[in-house]
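Coordinates only, no sequence provided:
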């Protein structure tokens, strides 16, 4: 995995995967819709958690900063990453 920079605290390094929260959100959606489906007998409702889980897996491969647990870690080579590095480098230089 490439090194990333946190836009919140300026940490540069390896992010940690955000998987436990994702699992709990998916499990909550599945349990809620499955219980409604059991009570109503309307099986097409199960398309909601299937679509949600598929969308969640494809779209949100989230990682978080190990320092501040912010979810906005970007590549150092990206425009946003370069801006964050410049911002935190200037802040650190001014504090010294």
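Right, received. Where do you want to start? This one's a predicted model, so the numbers in the text were calculated from it and none came from an experiment.

Excluding its own residues, what touches stretch 65-80? List them.
Here stretch 65-80 makes contact (C-beta atoms under 8 Å, 6 or more residues apart in numbering) with 2-9, 11-16, 18, 62-64, 81-82, 84-85. All C-beta spots, glycine's among them, are computed from the backbone N, C-alpha and C.

List the ones among those that fall in strands.
Judged by DSSP state E, these include 4, 5, 6, 12, 13, 16, 63, 64 as members of strands.

Buried among these? Need that as a selection in ChimeraX.
In ChimeraX syntax, the buried subset of the ones in strands among the contacts of stretch 65-80 is picked out as below (16 or more other C-beta atoms under 10 Å):
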select :4,5,6,63,64
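
who touches the nearest residue to residue 17 once chain neighbours are set aside in this structure?
In space, and not counting its chain neighbours, residue 17 is closest to residue 63: 5.6 Å by C-beta to C-beta, 6 or more residues apart in numbering. Residue 63 sits next to 4, 15, 16, 17, 18, 71, 73 when contact means C-beta under 8 Å, 6+ apart.

Between these, which has the least confident prediction?
The lowest pLDDT within those belongs to residue 18, which sits at 67.

what about the closest residue to residue 11 other than its chain neighbours, how many residues close to it?
Distances taken as C-beta to C-beta, 6+ apart place residue 67 nearest to residue 11, at 4.3 Å, with adjacent residues excluded. By other C-beta atoms under 10 Å, 12 other residues sit near residue 67.

same thing with residue 45?
Number of residues near residue 45 (other C-beta under 10 Å) recorded here: 14.

so it touches residue 38, yeah?
No. The pair residue 45 / residue 38 is not scored as a contact, 9.8 Å apart, by C-beta atoms under 8 Å.

which residues does residue 9 contact?
Counting by C-beta under 8 Å, 6+ apart, residue 9 has contacts 65, 67, 68, 70, 88.

if you go through the protein in chain order, where are the helices?
Ranges of helices within the chain are 20-40, 47-59, 79-95, based on DSSP state H.

got the contact list for residue 88?
5, 9, 10.

at 10 Å what do you get?
By C-beta atoms under 10 Å, 6 or more residues apart in numbering, the residues touching residue 88 are 5, 6, 7, 8, 9, 10, 11, 12.
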